[in-house]
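[1] next come a sequence and a model predicted from it.
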Amino acid sequence: MKPEKIKQNSRRYFDRVADKQHIIPEPNLCYDAVLEQLRSYDFKSLADISCGTGTMLSRICETYENDKTLYGVDLSPRSIEAAERKAGERVHLKEGDIDDLPLDDGCVDIALNMHSFHHYPDPLNALKELRRILNDSGKLLLVENDYSFLKRLKVNLRHMRKRHRQGDVKMYSAAQLEDMIRRSGMKVVESKPIAEHSRLFICAKNDNV
């Protein structure tokens, strides 16, 4: 299936479920761990890419004083509308495509990408775009599903059988993700399991850091 068709499916699906995303169990289990990781950084700016309905951004707003520049980008206009209601005026929200993010080069200290990577038709380009928006000392915090080989195989076969109806493309192993991160020019600083079936990858913009 062509990438644009997959993105169209993804946009249509997340527009339809925009009012229900907050009840998806696994992402909800990861927010505290990501917030704890953020506390170890002295950052001034952050972008949540594929931010969905803004749950993580609203948690960040609750945690930090109004001294952070916050961005949210999502492919789904309905999700952006929900994020505007949830996160409020503190967050600069934009509808946008991972392959051409509507953000300037080097504009943020931290980029978040949570449980979205398996929706991207061109994963290496997605990582390069995430790297592009980071400043030279920036960090990417990428959270993705972390399944066993058999479960990952079953999920991927289901995506193919259903012809990517919900915009899901492929689940990757931790080794596959780390390899793509390195090929994008970034360095994996740390990789660790969080929640029940997720893994957090902490990545530095420059692989020589």
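    Cool, got the structure. Quick caveat: nothing in here was measured; it's all calculated off a predicted structure. Residues are numbered from 1 along each chain as shown.
[2] run through the helices of this structure in chain order.
    Here the chain has its helices, by DSSP state H, at 3-16, 25-38, 55-63, 77-87, 123-132, 149-161, 174-183.
[3] out of those, nearest to Leu103?
    helix 123-132 (8.4 Å; C-beta to C-beta). To be clear about C-beta, it is placed using only N, CA and C from the backbone, and glycine gets the same treatment.
[4] longest single strand anywhere in this structure?
    strand 134-145 (DSSP state E).
[5] which of the residues in that strand are buried?
    134-135, 138-145 (16 or more other C-beta atoms under 10 Å).
[6] now mean neighbour count too, for the helices of the chain, in JSON lines please.
    What follows is the helices of the chain, written out as JSON lines (neighbours: other C-beta atoms under 10 Å):
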{"stretch": "helix 3-16", "mean neighbour count": "17"}
{"stretch": "helix 25-38", "mean neighbour count": "16"}
{"stretch": "helix 55-63", "mean neighbour count": "19"}
{"stretch": "helix 77-87", "mean neighbour count": "19"}
{"stretch": "helix 123-132", "mean neighbour count": "20"}
{"stretch": "helix 149-161", "mean neighbour count": "13"}
{"stretch": "helix 174-183", "mean neighbour count": "16"}
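[7] now distance to Asp105 and mean pLDDT too, for those helices, in JSON lines please.
    Shown next, in JSON lines, are the helices of the chain (distance: least, C-beta to C-beta, whole Å; pLDDT from 0 to 100):
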{"stretch": "helix 3-16", "distance to Asp105": "23", "mean pLDDT": "89"}
{"stretch": "helix 25-38", "distance to Asp105": "22", "mean pLDDT": "89"}
{"stretch": "helix 55-63", "distance to Asp105": "22", "mean pLDDT": "94"}
{"stretch": "helix 77-87", "distance to Asp105": "22", "mean pLDDT": "92"}
{"stretch": "helix 123-132", "distance to Asp105": "6", "mean pLDDT": "98"}
{"stretch": "helix 149-161", "distance to Asp105": "33", "mean pLDDT": "88"}
{"stretch": "helix 174-183", "distance to Asp105": "19", "mean pLDDT": "97"}
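[8] quick one: which of these is nearest Ser198?
    Nearest to Ser198 among the helices of the chain is helix 25-38 (5.3 Å), distances taken as C-beta to C-beta.
[9] ok, residues contacting that closest one?
    Residues outside helix 25-38 that contact it (C-beta atoms under 8 Å, 6 or more residues apart in numbering) are 22, 46, 52, 55-56, 59-60, 63, 110, 112, 114-115, 141, 143, 145, 194-198, 200, 202.
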